[in-house]
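**Q** quick one, what's the 3D model for this:
(2 chains)
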There are 2 protein chains.
Amino acid sequence: MIDLRVVLAEPLYCGNVGSVARVMKNFGFEDLVLVNPCELESEAYAMASHAIDILESSRTVSTIKEAICDSGLVVGTTSKFGTTTDEHVRMPYFPPKELKDKLKGRDGTVSILFGREDFGLVNDLIKKCDMVVCIPTDSKYPVMNLSHAVSIVLYELCDIKPGKVPLAKKENVELLFDHCEHLLDEISYPPHKKEKTILMIRRILGRAELTGREVNTLRGILSRTEWRIGRDR
Amino acid sequence: MIDLRVVLAEPLYCGNVGSVARVMKNFGFEDLVLVNPCELESEAYAMASHAIDILESSRTVSTIKEAICDSGLVVGTTSKFGTTTDEHVRMPYFPPKELKDKLKGRDGTVSILFGREDFGLVNDLIKKCDMVVCIPTDSKYPVMNLSHAVSIVLYELCDIKPGKVPLAKKENVELLFDHCEHLLDEISYPPHKKEKTILMIRRILGRAELTGREVNTLRGILSRTEWRIGRDR
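**A** Now for the predicted structure:
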């Protein structure tokens, strides 16, 4: 069973936060996390309408890291998609329908990140995501209202078939990436290419939706590889 | 090719009208008709953001009939779906994905009606629709914000495969329904059942998405039937 969490990164307008709470309740979701949000003034409550409970039970945190810490998968949403597979920040990206297919049969917490109204999710946040989702909009005006984007993603994800294949815990996946980075150092990988390559590995393993067991096995392989390298020194 | 028209029936809040304009432009739609709308004050323009052109080119009319007159198909949206096939007002109803499948390969104008914020589309308006669409929401809080509902419907319909099977003109379909009603009178159909039966016929032929030729042929059959009845009198 997928537990879906909506994470709003630094929302600027409290009316939007209220609107997001409303549509979450419309689709049966409850877990709302706000990262450094604006003040939730009366307009937030007006727009939430009968979903004030969602607004009141939302968690406010100061970093994205806190917001996503116990997630099995972190999905970033953007209207600015990549255009070349040479860059890995926003590539590959998936439409919401494909995200739904990918989550079928999985079990764990999936955090969906939505950026602030004026410039969306910046690259530094997108890089923390395992997957990038982009709603297919018209190129003449691709930038959606925040709560509209949330509506569409939740509409797609509200009836995911439940499953029992557990997603790995985010903390363990992060340790795996640290481990990869460490190996690149060990093999004297060109430093100027390192960040880009780590991001590529993040995109590959992100869309592979690793289980906890797979993460442990991969880390075991990396450990043995490092041990072998050390022995020959 | 389907030309999609968004019809807002008596919207109460101009911010919602602006939001609808924005999401129309996000998905590449332009044809917005407002039936007896509220005043479009500055908030409408603020919410429309870069879609002020959609707002400015919208048409304002005073009746639903004017709004839908040249449509090949009229679709009503509601969060209150029917629960028994004994009633035909809101039954059968389709989720947006199925509407998309039904429109595949068709050619003509499809009007999608959205009711006012406080009580949606009343039965009298729903009865004028050929088809009823209902977004699958949580039963605890099914009522969506107007612009969220529009977002989801447009998201589903923005990439319908174009086709060349022309939908019948609404005027001709209405003449067909008048003709059916006339026949019911001719055959002394029980008056207390008439309205319900006409609505049932409307639902059946609505979801069949008749072509102009089919409408003409059906009217021909009705004419010949009436002629035959008359001859025996």
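**Q** for the rest of this, base every contact and every neighbour count on C-alpha atoms.
**A** Will do.
**Q** run through the residues that contact the residue lying closest to residue A:212 once chain neighbours are set aside.
**A** Nearest non-adjacent residue to residue A:212, counting by CA to CA, 6 or more residues apart in numbering or on different chains: residue A:168, 3.9 Å away. For residue A:168, the contacting residues are A:72, A:73, A:108, A:209, A:210, A:211, A:212, A:213, A:215, by CA atoms under 8 Å, 6 or more residues apart in numbering or on different chains.
**Q** which of those residues are buried, as a PyMOL select command?
**A** Filtering these down to the buried ones (16 or more other CA atoms under 10 Å in any protein chain shown) takes a single PyMOL command:
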select buried, chain A and resi 72+73+108+209+210+211+212+215
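**Q** so which of the contacts of residue A:168 comes closest to residue A:117?
**A** residue A:73 (23.2 Å; CA to CA).
**Q** show me the beta-bridge partners of the closest one.
**A** Applying DSSP bridges to residue A:73 gives these bridge partners: residue A:110.
**Q** residues touching it, list them.
**A** Residue A:73 neighbours (CA under 8 Å, 6+ apart): A:109, A:110, A:111, A:129, A:130, A:131, A:167, A:168, A:170, A:206, A:209.
**Q** show me the strands in chain A, by range?
**A** A:2-9, A:31-35, A:59-61, A:73-77, A:93-94, A:106-114, A:131-133, A:165-166 (DSSP state E).
**Q** who in chain A is up against chain B?
**A** A:19, A:22-23, A:25-28, A:50, A:136-138, A:140-145, A:147-148, A:151-152, A:155 (CA under 8 Å from any CA of the partner chain).
**Q** list the buried residues for the longest helix seen in chain A?
**A** The longest helix of chain A (DSSP state H) is helix A:212-232. Residues of helix A:212-232 classed as buried by neighbour count (16+ other CA under 10 Å): A:212, A:215, A:216, A:219, A:222, A:226.
**Q** which of those sits closest to chain B?
**A** Nearest to chain B among the buried residues of helix A:212-232: residue A:212, at 31.8 Å, using CA to the nearest CA.
**Q** I'd assumed residue A:167 was in contact with the closest one.
**A** Yes. Assessed by CA atoms under 8 Å, residue A:212 is found in contact with residue A:167 at 6.3 Å.
**Q** who touches both of those two?
**A** Residues touching both residue A:212 and residue A:167 by CA under 8 Å, 6+ apart: none at all.
**Q** who wins for neighbours among the contacts of residue A:73?
**A** residue A:131 (28 neighbours; other CA atoms under 10 Å in any protein chain shown).
**Q** I figured that one hits residue A:75, correct?
**A** Yes. With contact defined as CA under 8 Å, residue A:131 reaches residue A:75; the gap is 4.8 Å.
**Q** burial measure for residue A:192, as a count.
**A** 8.
**Q** residues contacting it?
**A** Per CA under 8 Å, 6+ apart, neighbours of residue A:192: none.
**Q** distance check, it against residue A:184.
**A** Shown here: residue A:192 relative to residue A:184, a distance of 12 Å by CA to CA, to the nearest Å.
**Q** and what of residue A:62?
**A** 31 Å.
**Q** who's more crowded, those two?
**A** Comparing residue A:62 with residue A:184 by other CA under 10 Å, the one with more neighbours is residue A:184, at 16 against 13.
**Q** can you tell me the closest non-neighbouring residue to the more buried one?
**A** Closest to residue A:184 by CA to CA, 6+ apart is residue A:194, at 7.3 Å.
**Q** and the one you found, how many neighbours?
**A** Using other CA under 10 Å, residue A:194 has 15 neighbouring residues.
**Q** ditto for residue A:41
**A** Neighbours around residue A:41, by other CA under 10 Å: 12.
**Q** ok, it - contacts?
**A** residue A:14.
**Q** got the phi/psi numbers for it?
**A** Residue A:41 adopts backbone torsions of phi -90, psi -170, taken as degrees, to the nearest 10.
**Q** how much space between it and chain B?
**A** From residue A:41 over to chain B the distance is 18 Å, taken as CA to the nearest CA, to the nearest Å.
**Q** same question, residue A:134
**A** In terms of CA to the nearest CA, residue A:134 sits 12 Å off from chain B.
**Q** tell me the pLDDT at the closest residue to residue A:100 other than its chain neighbours?
**A** If the residues on either side of it in the chain are set aside, residue A:100 comes closest to residue A:157, at 5.8 Å by CA to CA, 6+ apart. You'll see residue A:157 listed with a pLDDT of 94.
**Q** and residue A:38, by the same measure?
**A** pLDDT for residue A:38: 96.
**Q** residues contacting it?
**A** Residue A:38 touches A:10, A:11, A:12, A:13, A:14, counting by CA under 8 Å, 6+ apart.
**Q** same question, residue A:72
**A** Applying CA under 8 Å, 6+ apart, we find residue A:72 in contact with A:108, A:109, A:110, A:111, A:167, A:168, A:169, A:170.
**Q** then residue A:136?
**A** Applying CA under 8 Å, 6+ apart, the residues near residue A:136 are A:95, B:27.
**Q** tell me the spacing between it and residue A:143.
**A** Relative to residue A:143, residue A:136 is positioned 10 Å away (criterion: CA to CA).
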